[in-house]
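Asks: can you look at this prediction? I've put the sequence above it.
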Amino acid sequence: MAAYLSRLHHISLQVSNVDKVAHELVSRFQFNVFAARRTDRAKQLALRRGSAVFVVNERPSLSDCGAVRDHRDAGCVFGTHEHYPVDTVSNVCFEVTDVPSASRALRDQDGCEFLQPPAELQDDRGRVTFSIVRSPVGNVCHTLIDSSRYQGPFLPGFREVSSGCQGADRSRCPITHFDHITYACPRSSTVHITNWYRRNFGFQRFFIDRNEDVDEGYVLNHDGIGLRLTAMEYWKCSESGIKLPFKDEKEPDCKFVIAESLPEQGRNQVDTFLDEHRGAGIQHIGLYTEDIVKTAQTLSQAGVQFFSPPPAYYTEVGKQQEMLDAGYDPQTLSRYGILLDTDIQTDTDRQTTDGQRHLLQVFTKPVFAEDTFFLELIERRGATGFGEGNIRALWRSVQAYMENGEHQERQSNNQLSKQR
Ligand SMILES: O=C(O)C(=O)Cc1ccc(O)cc1
Ligand SMILES: [Fe+2]
């Protein structure tokens, strides 16, 4: 039996400099710090934009490694048990209604390793129960938490922070939630990963493309693109007829995408991630926005840099017309590198007024010093999956970046700072 997940609780990062990364998320990405926990061993900041919550944790150093950590140390909730050599996004935490029974269900499954068996944490505002399982993807782990009996600002040990410096108001940056998490994975690992999530968390596959093969996933393997994409989402309790207590049915659920590189087309961006990150992991996270143009404008003014597709993308006659038909000015989309895909649908349930579904996406340059993790803004106007046109355009813009001087420059800067 699988463990039922109610919703995504937060995503946690392990970095060498908490203040630097938190400052980047606040000053550029418009997140607000709302809770903090500082002890002599740990520094943790919780940041929010809409319902999207990031926790930035200081990476345990090699000398902390192997030290027996007490589960009463809230650091454990975030799965920061292990030293990791580079900054990384390493824990996706889910709210569950009953941690002991979810953990029992997982313990009976093959291939489910616990980093932390069920434990309790408390302070004067209440208590939480949690456990941590290792995922089949590189250094990624999942905390399962029941926070229904906790009244404090975030988790036990965190104190409320009233942000002196607030991010842009909602109208200028309407990011509402995490839309999807994309894993970069080694060759031939997809089947094992999808099976693990189906068996343990009841995740279900959904098709990125109508012509996708159930076993193969969505394969792009020509014109220099060598990519297998497989998408999953977690069990929608309302659709399955199973009603869970506390489940907020309006809570949007987050999709998961597995990106596997295929060998025939040569070295690519997934291989670069695997090298620089020293293994599989979270390659990017899609932040959902209700207005991508306004959000990209606000973030760009704050210093966020976006990947841009080749300029010809915006001048190609068909694409220009598509943008105009969707109600967008191609020049505005071009200014921020926003990609548009159109999906002509036969069914009518989610159509927009022009009878089409649109997907708009823009991708940021890497967030950490290495060319690893990046963020994405995504606005869905009826489209629920991922667009082939956008995937190709993203691929080309990232490949261009890898091949021009900027990637090499970052690499040599990293080498220099390591030598210092
Ligand atoms: O299109 C998206 O947002 C995806 O998440 C799919 C994707 C995943 C990995 C890539 O290197 C390129 C595209
Ligand atoms: Fe994405």
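Replies: Great, that's in hand. Residues are numbered from 1 along each chain as shown. Ligands and ions are numbered 1, 2, ... in the order given.

Asks: now do the SS call for Pro100.
Replies: helix (DSSP: H, G, I helix; E, B strand; the rest coil).

Asks: from Ala42, how far out is it?
Replies: In this view, Pro100 and Ala42 are 26 Å apart by Cβ to Cβ, to the nearest Å. Heads up, the C-betas are built off the backbone N, CA and C, glycines and all.

Asks: do Pro136 as well
Replies: For Pro136, the distance to Ala42 - Cβ to Cβ - is 28 Å.

Asks: now swap in Leu13 and tell me
Replies: 14 Å.

Asks: what do you get for Glu388?
Replies: 44 Å.

Asks: look at these two and report which has more neighbours.
Replies: Higher neighbour count among Glu388 and Ala42: Ala42, with 19 against 16, using other Cβ atoms under 10 Å.

Asks: phi, psi for the more buried one please.
Replies: phi -140, psi 150 (degrees, to the nearest 10).

Asks: surely it meets Glu58?
Replies: Yes - at 6.4 Å, Ala42 and Glu58 qualify as touching, with contact defined as Cβ atoms under 8 Å.

Asks: and the stretch 151-300 of the chain, which residues reach ligand 2?
Replies: 182, 286 (Cβ under 5 Å from the ion).

Asks: so which residues of the stretch 151-300 of the chain form strands?
Replies: For the stretch 151-300 of the chain, applying DSSP state E, counting those that start in this stretch gives strands covering 159-160, 175-185, 204-206, 218-222, 225-233, 255-261, 281-289.

Asks: show me where pLDDT drops low in this protein?
Replies: The model of the chain has pLDDT under 70 over residues 1, 61-81, 163-165, 235-252, 344-354, 418-420.

Asks: got the residues of it near ligand 1?
Replies: Proximity of the chain to ligand 1, by Cβ under 6 Å from any ligand atom, involves residues 182, 229, 257, 259, 269-270, 286, 361, 376, 386, 390-391, 394-395.

Asks: farthest pair within those?
Replies: Maximum pairwise distance in the residues of the chain next to ligand 1, criterion Cβ to Cβ, is 17.6 Å, between Val270 and Gln361.

Asks: regarding Gln109, what is its secondary structure?
Replies: Assignment for Gln109 (three-state DSSP): coil.

Asks: now do it against Pro100, distance only.
Replies: Counting by Cβ to Cβ, the gap from Gln109 to Pro100 is 16 Å.

Asks: ok, how many other residues are close to whichever residue of the chain sits closest to ligand 1?
Replies: When distances are taken as Cβ to the nearest ligand atom, the chain reaches nearest to ligand 1 at Ala259, 3.6 Å away. Using other Cβ under 10 Å, Ala259 is surrounded by 22 other residues.

Asks: who does the closest residue to ligand 2 within the stretch 101-250 of the chain form a beta bridge with?
Replies: Proximity of the stretch 101-250 of the chain to ligand 2 (Cβ to the ion) peaks at Thr182, 4.9 Å away. Judged by DSSP bridges, the bridge partners of Thr182 are Val257, His284.

Asks: tell me, how many residues neighbour it?
Replies: Counted with other Cβ under 10 Å, Thr182 comes out at 21.

Asks: quick one: it and Val257 touch, right?
Replies: Yes - counting by Cβ under 8 Å, Val257 is a contact partner of Thr182 at 4.3 Å.

Asks: about what we covered before: distance check, the residue of the stretch 101-250 of the chain closest to ligand 2 against Val270.
Replies: Counting by Cβ to Cβ - Thr182 and Val270 are separated by 10 Å.

Asks: now Met232
Replies: Applying Cβ to Cβ to Met232 and Val270 gives a distance of 18 Å.

Asks: neighbour-wise, which of the two wins?
Replies: Val270 (24 against 18).

Asks: give the contact list for the more buried one.
Replies: 184-185, 227, 259-261, 283 (Cβ atoms under 8 Å, 6 or more residues apart in numbering).

Asks: quick check: closest non-adjacent residue to the residue in the stretch 1-150 of the chain that ligand 2 sits nearest to.
Replies: Going by Cβ to the ion, ligand 2 is nearest to Val89 of the stretch 1-150 of the chain, at 13.6 Å. Leaving aside its sequence neighbours, Val89 sits nearest to Ile282 (Cβ to Cβ, 6 or more residues apart in numbering; 4.2 Å).

Asks: that neighbour touches Cys185, doesn't it?
Replies: No - with contacts counted by Cβ under 8 Å, Ile282 stays clear of Cys185, the gap being 10.6 Å.

Asks: what touches both of those two?
Replies: With Cβ under 8 Å, 6+ apart as the test, Ile282 and Cys185 both reach Val137.

Asks: show me where the stretch 1-150 of the chain has helices.
Replies: 18-27, 99-107 (DSSP state H, counting those that start in this stretch).

Asks: the last one packs against which elements?
Replies: Where contact means 3 or more Cβ pairs under 8 Å, 6 or more residues apart in numbering; DSSP states H and E, helix 99-107 is packed against strand 114-123, strand 126-134, strand 141-146.

Asks: in CSV, list the ones you listed along with mean neighbour count and distance to Val21.
Replies: Below are those laid out as CSV (neighbours: other Cβ atoms under 10 Å; distance: least, Cβ to Cβ, whole Å):
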stretch, mean neighbour count, distance to Val21
strand 114-123, 16, 23
strand 126-134, 21, 22
strand 141-146, 23, 19
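
Asks: in what helix or strand does the residue of the stretch 301-420 of the chain found nearest ligand 2 lie?
Replies: Per Cβ to the ion, the residue of the stretch 301-420 of the chain with the smallest distance to ligand 2 is Glu376, at 4.7 Å. Assigned by DSSP states H and E, Glu376 belongs to strand 374-381.

Asks: tell me what angle that strand forms with strand 281-289.
Replies: 40 degrees (axes from the mean of the first three to the mean of the last three Cα atoms, to 10 degrees).

Asks: now the following helix or strand past strand 374-381: buried residues?
Replies: On the C-terminal side of strand 374-381, the closest following helix or strand by DSSP H and E is helix 388-403. Across helix 388-403, burial judged by 16 or more other Cβ atoms under 10 Å covers 388-399, 401-402.

Asks: likewise for stretch 145-152?
Replies: Residues of stretch 145-152 classed as buried by neighbour count (16+ other Cβ under 10 Å): 145-147, 150, 152.
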